[in-house]
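Student: Sequence first, predicted coordinates after that:
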Amino acid sequence: QVQLVESGGGLVQAGGSLRLSCAASGRTFSIYAMGWFRQAPGKEREIAAAISWNGGITYFAPSVKGRFTISRHNVKNTVYLQMNSLKPEDTAVYYCASGRVFGTRSEQYDDWGQGTQVTVSS
């Protein structure tokens with residue numbers, strides 16, 4: 001099992017930026033794919049971005065492509081989500097997750113953090 005703790009959420013104005021971090025502990029972080037998911041009130045959880053174990057493959061949801069970047073530092077056991085040009089519709093709880101295979105569906109991920117709130121004001 002991998003323990004995940006997100007940080008970096010907060011309140012930001014539209015057009016602003018935030019960087020989320022997810023610190024991992026437990027099993028070897030470097031072998032896992034990592035994903036950032038988000039869930040807005042009244043909506044289903046959706047993927048925002050994902051990254052393979054070595055960073056060689058990334059995925060971005062169409063709604064965030066060109067604005068968000070995902071990266072990882074396997075020595076620091078941390079994955080990051082840099083969010084630029086934020087919009088009110090980006091408001092959600094953001095979760096990081098780890099999985100043995102790279103994927104875009106939540107059921108492909110085994111371990112989840114508690115989430116961090118991101119609120120974008122208009």
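Tutor: Here it is on my side, so go on. Residues are numbered from 1 along each chain as shown.

Student: From here on, just use CA atoms for contacts and neighbour counts.
Tutor: Fine.

Student: Name the residues of whichever helix or strand Gly35 is part of that come out as buried.
Tutor: Using DSSP states H and E, Gly35 sits within strand 33-39. Across strand 33-39, burial judged by 16 or more other CA atoms under 10 Å covers Ala33, Met34, Gly35, Trp36, Phe37, Arg38, Gln39.

Student: Stretch 81-96 now?
Tutor: Across stretch 81-96, burial judged by 16+ other CA under 10 Å covers Leu81, Met83, Asn84, Leu86, Lys87, Asp90, Thr91, Ala92, Val93, Tyr94, Tyr95, Cys96.

Student: What is the burial count for the nearest residue to the third one once chain neighbours are set aside?
Tutor: Taking CA to CA, 6 or more residues apart in numbering as the measure, Asn84 lies nearest to Ser17, with 4.4 Å between them; neighbours along the chain are not counted. If you count neighbours by other CA atoms under 10 Å, Ser17 ends up with 17.

Student: Is Ser17 in contact with Leu86, as I believe?
Tutor: Yes - using CA atoms under 8 Å, Ser17 is in contact with Leu86, at 6.2 Å.

Student: check contacts around the spatially most central residue of the chain.
Tutor: Residue closest to the mean C-alpha point of the chain, counted by CA atoms, centre = their mean, is Trp36 at 2.2 Å. Trp36 makes contact with Ile47, Ala48, Ala49, Ala50, Leu81, Tyr94, Tyr95, Cys96, Ala97 under the criterion CA atoms under 8 Å, 6 or more residues apart in numbering.
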